[in-house]
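Participant: Let me see the structure of the following:
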Amino acid sequence: NTHLFASGVEAAHFARAADPATPVATELAALSQPVLGYYGVLDERLDLELLAALAENYPHWSIVLVGPVTKIDQSELPRAANLHYVDQQPYERLPSFLKGFDVCLMPFALNDATRFISPTKTLEYMAAHKPIVATPVPDVVANWSHIVRIADTPDAFAAAVEHALSETQQQRAERIAREADVIAEHSWDHIADAMRAQIEAARFVRKQAS
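Facilitator: As a prediction, this is how the structure comes out:
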């Protein structure tokens, strides 16, 4: 009697990115737009060659990576004038970074380290209602391809970013509606209620059996 509950999201926290009262992170304020952003651990799961290609081929894009560097050496990170690295930030500040992102990135490499990952940031980006571009990580393809733009090469990834940047108001409204449906089913409150229902059902069956 085993039940899987996938990642959840504190939707109200990340929705602060759309609140006019939420300031844009000071680290982003002086950057030229558009700003493409990622937050999370910077490690062997990132496609560093992809990031380097984006930075080289699109020098007018500001690419921001927020998070601690682990499992790889700092020297392995690509360097360019439009690549900006920001150290690990407290949870409370993430909405301010999201507010300054024009497109949210999930530039994961396709390797053994990413074969079974389920990025929690997918739902967090959705809760902020920012367009998302990702590489074809299996979990993202299987669950979120109706919302997330997915691309498997640097050229395709860049094209997906350009499409995200040129999203029409109608396209944005339709995407946000799909995101709202997803978020409603993946809030921690909803997950807790579903867990409670399974526990109560199991208790009822056990009581009936006794």
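Participant: And the pLDDT for Tyr91?
Facilitator: Tyr91 is assigned a pLDDT of 98 by the prediction.
Participant: Ser96 and Ala18 touch, don't they?
Facilitator: No. Ser96 is beyond contact range of Ala18, at 11.9 Å (criterion: C-beta atoms under 8 Å). Just so you know, the C-beta spots here come from the backbone N, C-alpha and C atoms, and that holds for glycine as well.
Participant: neighbour count winner among those two?
Facilitator: Ranked by neighbour count (other C-beta atoms under 10 Å), Ser96 and Ala18 place Ser96 first, with 18 against 15.
Participant: check which helix or strand covers that one.
Facilitator: Element membership of Ser96, judged by DSSP states H and E, is helix 94-100.
Participant: Quick check: buried residues in stretch 156-169?
Facilitator: Using 16 or more other C-beta atoms under 10 Å as the test for burial, stretch 156-169 gives Phe157, Ala158, Ala160, Val161, Ala164.
Participant: What values do phi and psi take at Pro78?
Facilitator: phi -70, psi 150 (degrees, to the nearest 10).
Participant: Count the neighbours of it for me.
Facilitator: Pro78: 17 surrounding residues under other C-beta under 10 Å.
Participant: do Ala12 as well
Facilitator: Per other C-beta under 10 Å, the neighbour tally for Ala12 reads 11.
Participant: Which pLDDT value belongs to it?
Facilitator: At Ala12, the model reports a pLDDT of 96.
Participant: and it, that one's in a helix?
Facilitator: Yes. Counting by DSSP: H, G, I helix; E, B strand; the rest coil, one finds Ala12 located in a helix.
Participant: Of all the residues in the lowest-mean-pLDDT helix or strand in the chain, which ones are buried?
Facilitator: Ranked by mean pLDDT, DSSP states H and E, the weakest helix or strand in the chain is helix 188-209, scoring a mean of 91. Buried residues in helix 188-209, counted by 16+ other C-beta under 10 Å: His190, Ile191.
Participant: Contacts for that helix, please.
Facilitator: When contacts are defined by C-beta atoms under 8 Å, 6 or more residues apart in numbering, helix 188-209 is touched by residues Asn1, His3, Phe5, Gly8, Val9, Glu10, Ala184.
Participant: Any chance of those in a markdown table with distance to Ala201 as columns?
Facilitator: Shown next, in a markdown table, are the contacts of helix 188-209 (distance: C-beta to C-beta, whole Å):
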| residue | distance to Ala201 |
| --- | --- |
| Asn1 | 9 |
| His3 | 10 |
| Phe5 | 15 |
| Gly8 | 20 |
| Val9 | 25 |
| Glu10 | 26 |
| Ala184 | 22 |
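Participant: for the residues you listed, which one is nearest Asn82?
Facilitator: Among the contacts of helix 188-209, Val9 lies closest to Asn82 (C-beta to C-beta), at 29.8 Å.
Participant: what about the spatially closest residue to that closest one that is not a sequence neighbour, helix or strand, and which?
Facilitator: Of all residues not flanking Val9 in the chain, Leu123 sits nearest, at 3.8 Å (C-beta to C-beta, 6 or more residues apart in numbering). For Leu123, the host element (DSSP H and E) is helix 121-127.
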